[in-house]
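J.: Structure for this input, please:
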Amino acid sequence: MTANVFLDRCLFLDLETDGSKLYHIGAVYSGQVFERKGRFDVQTALKELDRFAVGADYVLGHNLLGHDLPVIESLAPNLNLLKKPVVDTLYLSPLAFPENPYHRLVKDYKLVRDSINDPVADARLAASVFVDQWASFITIGNSKEDILSFYRYCFEENSRSSLHSSGLNDVFTALGAKQVSENEAFSIFQRRRSRRRFALGKRRRGISVGRKNWSSSSATRSSRTFRLSFPSGSGKR
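T.: Below is the predicted model:
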């Protein structure tokens, strides 16, 4: 599968909001644009957005999980859109570009815009970032195939995880990453840790995405949680 084939299944989404009020909605799906700005009825607009997204398998954007989707859920919690798997490029960037996680289109983990307050442009920009992330993962997989399987494992959803990560898991599945067991994932972690630690930025905060609490000792694997570290201050705006 190519990045563009995967993107064909995605609704690209971005919002302009202050966290409680919604000022501007921008979405792109299958070459069509959805936009609401200025004075509009929020509930009507969100229902229309829900209908616009009906054919999409995924919702893709930058910091959707931490920003856009919580806003939508607070305003219209029953939308079918909220049930779709999410591909959040914020979480993929430090994994795709571990040496330079800021990327040419991302600075301080925020999208670098050509214009101000244009959610449609930002939605398309997130898709462009995803294409570059996909290419990077292909390169990584060619030399370190087990790393992609490890990332796939880390984004498996489970009852202990607060991160809705099935869309991210599907990305690595589409990239050809094999499904691995907990013990296999831990073995990959140990091998890679012995070569270099997973450094994902100078400023970091831990986000638990695993199902166990892993220590460095194989004797204590019964209560392990692997943590991927993402930068602090990774807000949308």
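
J.: hey, where'd the strands end up in this protein?
T.: Using DSSP state E, the strands found in the chain span residues 10-17, 22-29, 32-37, 58-61, 86-88, 106-107, 110-111, 205-208, 227-230.

J.: what's the closest of these to Thr139?
T.: strand 106-107 (17.8 Å; Cβ to Cβ). Where you see a C-beta, it was placed from the backbone N, CA and C, and this is true even at glycine.

J.: The closest one - what's its average pLDDT?
T.: Across strand 106-107, pLDDT averages out at 49.

J.: And the pLDDT at Ser143?
T.: Per-residue confidence (pLDDT) for Ser143: 83.

J.: so how many other residues sit close to it?
T.: Counted with other Cβ atoms under 10 Å, the neighbours of Ser143 add up to 7.

J.: wait, Val71 sits on Leu22?
T.: Yes. At 6.5 Å, Val71 and Leu22 qualify as touching, with contact defined as Cβ atoms under 8 Å.

J.: Neighbour count for these two, which is higher?
T.: Legend: neighbour count by other Cβ under 10 Å for Val71 and Leu22, higher for Leu22 (21 against 18).

J.: My read is that that one contacts Val42, right?
T.: Yes. Leu22 is within contact range of Val42, at 5.3 Å (criterion: Cβ under 8 Å).

J.: Need the overlap of contacts for those two.
T.: Leu75 (Cβ atoms under 8 Å, 6 or more residues apart in numbering).

J.: need the helices for the protein, in chain order.
T.: In the chain, the segments counted as helices under DSSP state H are 3-7, 42-52, 69-75, 89-96, 119-143, 145-154, 166-174, 182-195.

J.: quick one: which of these is nearest Leu13?
T.: Leu13 lies closest to helix 119-143 among the helices of the chain, at 5.6 Å (Cβ to Cβ).

J.: mind checking which helix or strand of this structure has the lowest mean pLDDT?
T.: In the chain, the helix or strand scored least confidently by mean pLDDT, DSSP states H and E is strand 205-208, which has a mean of 39.

J.: show me where pLDDT drops low in the protein?
T.: The model of the chain has pLDDT under 70 over residues 19, 100-116, 158-163, 194-237.

J.: ok, now which ones touch the residue nearest the centre of it?
T.: With distances taken as Cα atoms, centre = their mean, Asp88 lies nearest the centre of the chain, 2.0 Å away. Asp88 makes contacts with Leu60, Gly61, His62, Asn63, Leu64, Leu65, Gly66, Gly167, Leu168, as judged by Cβ under 8 Å, 6+ apart.
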